[in-house]
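**Q** Just to be clear, the model below is a prediction. Sequence and coordinates:
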Amino acid sequence: MAEERQQLISSAQDMERLGAKFAAEIRIGQGLIVYLKGDLGAGKTTFSRGLLHGFGHQGAVKSPTYTLVESYKQLHHFDLYRLADPEELEYIGVRDYFLDDSICLIEWPEKGRGFLPPADVVLQIQYQGSARLVLFEVGSERGERLVQAVLEKYN
Ligand code: ADP
Ligand code: MG
């Protein structure tokens, strides 16, 4: 992982807006793997909700805490918090989700170590009182272009 950038996000609404900015820059049909790291309540699901709404999803965005994954056409939203063993991912047929053109948002990727494709972008969300500091790491050219485009237009 090369360069690191960061953005202070002062409210939940702004976290959704950040997700929507990502949605605006993501090409459907091109695969993308996003890891979402941070403690419980950091805002991983809030970011994902903004991204999904940015893609035009109208309905509710449930936290897939118990189901492990919720799919919205070719976009898959994972929450691996309750995964006891990364190997369980094999049993739920996780390979079927990681296709070349899938967009995957993965909360708690640490829990799936060894069974996940590498990330194009990693968001590490840290508490700063009621605000959050989001650190962006990139793992590919595609991830680099995406983060650059999002942050250019952020302010
Ligand atoms: P996670 O998925 O990381 O466990 P959630 O997105 O489910 O976290 O929850 C984040 C909670 O924190 C929500 O209740 C949200 O309204 C609140 N919140 C307060 N300030 C912020 C902020 N700056 N960014 C994101 N969420 C915030
Ligand atoms: Mg969550």
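**A** It's in. Here the structure is a predicted model, which means the values were calculated and not measured. Numbers count the residues shown, from 1 in each chain. Ligands and ions are numbered 1, 2, ... in the order given.

**Q** low-scoring stretches of the protein, by residue?
**A** 1-4 (pLDDT under 70).

**Q** Tell me which residue lies nearest the centroid of it.
**A** Leu105 (3.6 Å; C-alpha atoms, centre = their mean).

**Q** Quickly list what that residue is bridged to.
**A** Val34, His77 (DSSP bridges).

**Q** And what about Arg132, helix, strand or coil?
**A** strand (DSSP: H, G, I helix; E, B strand; the rest coil).

**Q** ok, what's across the strand from it?
**A** Counting by DSSP bridges, the residues bridging with Arg132 are Ile9, Tyr127.

**Q** I'd like the secondary structure assignment at Gln6, please.
**A** Going by three-state DSSP: Gln6 is strand.

**Q** Tell me if I'm right that it and Arg132 touch.
**A** No - judged on C-beta atoms under 8 Å, Gln6 makes no contact with Arg132 at a distance of 10.4 Å. C-beta here means a position set from N, CA and C on the backbone, and glycine is covered the same way.

**Q** Tell me which residues touch Gln126, please.
**A** Residues near Gln126 by C-beta atoms under 8 Å, 6 or more residues apart in numbering: Gly38, Ala42, Arg132, Leu133, Val134, Leu135.

**Q** can you list the residues of this protein near ligand 1?
**A** 9-12, 15, 38, 40-46, 63, 107, 130-132 (C-beta under 6 Å from any ligand atom).

**Q** Just the buried ones from the residues you listed?
**A** Ile9, Met15, Gly38, Ala42, Gly43, Lys44, Thr45, Thr46, Ser63, Glu107, Arg132 (16 or more other C-beta atoms under 10 Å).
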